[in-house]
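Novice: sequence plus predicted model, see below.
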Amino acid sequence: MGPILCNYYTTYRCNAKCGFCDIWEQPSPLVELEDVRRNLQDMRELGVRVVDFTGGEPLLHPQLDELLEVARSLGMRTTVTTNGLLYPKRARALAGKVDLLHFSIDAADASVHNASRGVDCFDSVMRSIQVALELGERPDLLFTVTNDNIEHLERIYDEISRPNDLILIVNPLFEYNALGASLSEDVLSRIKAFGKRPYTYLNPAFVTLRREGGNDPEDPVCRAVSTTIVISPFNELVLPCYHYGLDRIPIEGRLKALWNSDVVAEHKRLEGRHEVCRGCTINCYFEPSFASAPTKRFFWESLPSKMNYGWTKFVLQRLDVRSGPREAVLPGSDTAAGNRKARNHATTLASGDNLIDAPTTP
Ligand SMILES: C[S@@+](CC[C@H](N)C(=O)[O-])C[C@H]1O[C@@H](n2cnc3c(N)ncnc32)[C@H](O)[C@@H]1O
Ligand code: SF4
Ligand code: SF4
């Protein structure tokens with residue numbers, strides 16, 4: 001089986017400083033449009049179907065809309081996750097170009113979310129929801145669940161997800177580089193039960209993997225290399241995964257040849273078998289790994305949640321979009337006033353406002 005997914009790091013720069021993430025600490029350039037074009041052409045030939053333009057904060061890349069257009073012109077699906085700080089200003093340029101758009105939200109209270117993100121961005125997430133709905137987008141809410149914010153899950157569902165018919169994705173915290181923490185059994189049970197509700201998505205195999213102690217290097221589930229191509233903002237192929245990053249090979253216009261090289265074959269042989277892989281639960285790689293692991297039990301466990309997600313995303317939400325723009329219903333806000341604000345954002349954007357004036361963390 002060839003790679004199906006690309007995690008394309010558009011930049012490591014970020015305008016937030018989350019406690020569970022250290023990407024923002026790294027100095028970084030922005031990916032070059034021509035490199036992306038070349039690499040995506042190679043990836044199409046290798047069979048990649050989905051490109052996740054990630055970061056850092058992907059909206060800090062001023063040409064993100066063009067990167068998305070390149071991927072879609074090659075028949076690939078696109079995904080973008082954002083902290084929302086820049087979305088209201090970039091929304092119109094991005095509209096219709098992101099197949100799976102996610103807004104990160106860690107709490108139902110502004111103060112708790114802002115403390116988690118190290119920057120005031122809760123109001124931007126709320127504005128982002130308003131603007132997105134007005135433009136006919138249906139962003140998912142991506143909730144990174146920790147032992148400390150579990151109480152907010154229910155509230156985000158009741159106050160934001162359900163009133164707006166937006167999918168709430170439950171993204172269990174994972175550990176790497178001494179960041180993150182193990183989730184308690186209480187949290188695991190609660191998210192597993194919660195993930196059965198309509199308009200939610202939790203891959204229950206994430207819970208099982210954690211209960212079993214994560215990846216076992218003697219019998220690995222991880223298929224990070226086989227399933228996923230990781231590219232850095234320096235135009236390097238990162239192996240075996242971003243979070244371990246043992247090898248960083250300059251691509252120099254030969255991604256396809258590199259992918260078929262002995263170096264990558266060796267990385268495939270060792271994926272999930274390194275000592276650092278013991279106990280690993282990094283969601284980004286296990287989601288695609290479950291689809292291809294030799295033991296199919298994680299595949300079968302994942303399947304119903306994926307089918308439910310697909311039904312909600314590609315049937316229910318599409319019908320909803322056809323019924324025209326909708327007004328966001330948000331906690332403690334005057335919806336009409338909120339939407340006036342959202343419209344102003346969109347108008348400002350159309351009139352050519354400066355799109356990249358937000359604070360950055362190089
Ligand atoms: C790395 S960020 C990149 C996109 C953007 N900067 C954002 O935060 O939305 C993608 C997602 O990964 C989540 N994330 C970061 N560190 C994590 C960790 N240790 N465990 C689980 N999820 C994590 C973030 O909350 C975010 O929703
Ligand atoms: S906003 Fe995203 S990339 Fe930035 S620090 Fe937070 S999780 Fe990391
Ligand atoms: S088990 Fe984790 S650290 Fe090891 S290759 Fe897979 S994703 Fe990377």
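Specialist: Okay, I see it. Ligands and ions are numbered 1, 2, ... in the order given.
Novice: the closest residue to ligand 2 within the stretch 201-350 of the chain: what's it in contact with?
Specialist: As assessed by CB to the nearest ligand atom, ligand 2 sits closest to Tyr242 within the stretch 201-350 of the chain, at 11.4 Å. Bear in mind the C-beta positions are built from the backbone N, C-alpha and C, glycine included. Shown in contact with Tyr242 (CB atoms under 8 Å, 6 or more residues apart in numbering): 7, 9, 230, 232, 284.
Novice: in JSON lines, list those along with distance to ligand 3, pLDDT and neighbour count.
Specialist: Shown next, in JSON lines, are the contacts of Tyr242 (distance: CB to the nearest ligand atom, whole Å; pLDDT from 0 to 100; neighbours: other CB atoms under 10 Å):
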{"residue": "Asn7", "distance to ligand 3": "11", "pLDDT": "98", "neighbour count": "22"}
{"residue": "Tyr9", "distance to ligand 3": "15", "pLDDT": "98", "neighbour count": "24"}
{"residue": "Val230", "distance to ligand 3": "10", "pLDDT": "98", "neighbour count": "26"}
{"residue": "Ser232", "distance to ligand 3": "15", "pLDDT": "98", "neighbour count": "23"}
{"residue": "Cys284", "distance to ligand 3": "8", "pLDDT": "93", "neighbour count": "19"}
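Novice: can you confirm whether stretch 13-33 lies near ligand 1?
Specialist: Yes - with CB under 6 Å from any ligand atom as the criterion, ligand 1 is reached by stretch 13-33 at 14, 20-21, 23.
Novice: contacts for that stretch, please.
Specialist: 8-12, 55-57, 60-63, 66-67, 70, 83, 85-86, 116-119, 121, 144, 146, 173, 177, 179-180, 231, 233-235, 358-362.
Novice: mind listing which of those are in strands?
Specialist: Among the contacts of stretch 13-33, the members falling in strands are 8-11, 55, 144, 231 (criterion: DSSP state E).
Novice: closest to ligand 2 out of the residues you listed?
Specialist: Gly55 (5.4 Å).
Novice: could you check the pLDDT of that closest one?
Specialist: Note for Gly55: predicted pLDDT of 95.
Novice: now do the SS call for the residue nearest in space to the middle of the chain.
Specialist: Central residue of the chain (CA atoms, centre = their mean): Thr81, 4.3 Å from the mean position. Of the three states, Thr81 takes strand under DSSP: H, G, I helix; E, B strand; the rest coil.
Novice: and the nearest residue to it once chain neighbours are set aside, its phi and psi?
Specialist: Distances taken as CB to CB, 6 or more residues apart in numbering put His102 closest to Thr81, at 4.1 Å, once the chain neighbours are dropped. Per-residue torsions, His102: phi -120, psi 140 (degrees, to the nearest 10).
Novice: and His102, how far from Pro172?
Specialist: Applying CB to CB, to the nearest Å, the value for His102 to Pro172 is 15 Å.
Novice: element containing Arg155?
Specialist: Using DSSP states H and E, Arg155 sits in helix 151-156.
Novice: and the contacts of Tyr242, which two are furthest apart?
Specialist: Farthest pair in those (CB to CB) is Ser232 and Cys284. Separation: 14.4 Å.
Novice: before we move on, back to that, reformat the contacts of Tyr242 as CSV; add distance to Met76.
Specialist: Below are those laid out as CSV (distance: CB to CB, whole Å):
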residue, distance to Met76
Asn7, 13
Tyr9, 16
Val230, 16
Ser232, 19
Cys284, 17
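Novice: wait, which of the residues you listed is closest to Trp259?
Specialist: The closest of these, once distances to Trp259 are taken by CB to CB, is Val230, at 11.6 Å.
Novice: residues touching the closest one, list them.
Specialist: 6-7, 9, 237-239, 241-242.
Novice: neighbour-wise, which of His102 and Pro172 wins?
Specialist: The neighbour count for His102 versus Pro172, taken as other CB atoms under 10 Å, is higher for Pro172 (23 against 18).
Novice: give me the buried stretch members for the helix or strand hosting Gly310, please.
Specialist: Using DSSP H and E, Gly310 sits in helix 297-311. For helix 297-311, the buried set under the neighbour-count rule, 16 or more other CB atoms under 10 Å, comprises 298, 301-302, 305, 308-309.
Novice: would you list those residues in CSV and tack on distance to ligand 3 and pLDDT?
Specialist: As requested, the buried residues of helix 297-311 are arranged in CSV below (distance: CB to the nearest ligand atom, whole Å; pLDDT from 0 to 100):
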residue, distance to ligand 3, pLDDT
Phe298, 14, 93
Glu301, 18, 94
Ser302, 17, 94
Ser305, 20, 96
Asn308, 25, 96
Tyr309, 22, 97
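Novice: no more questions from me, cheers.
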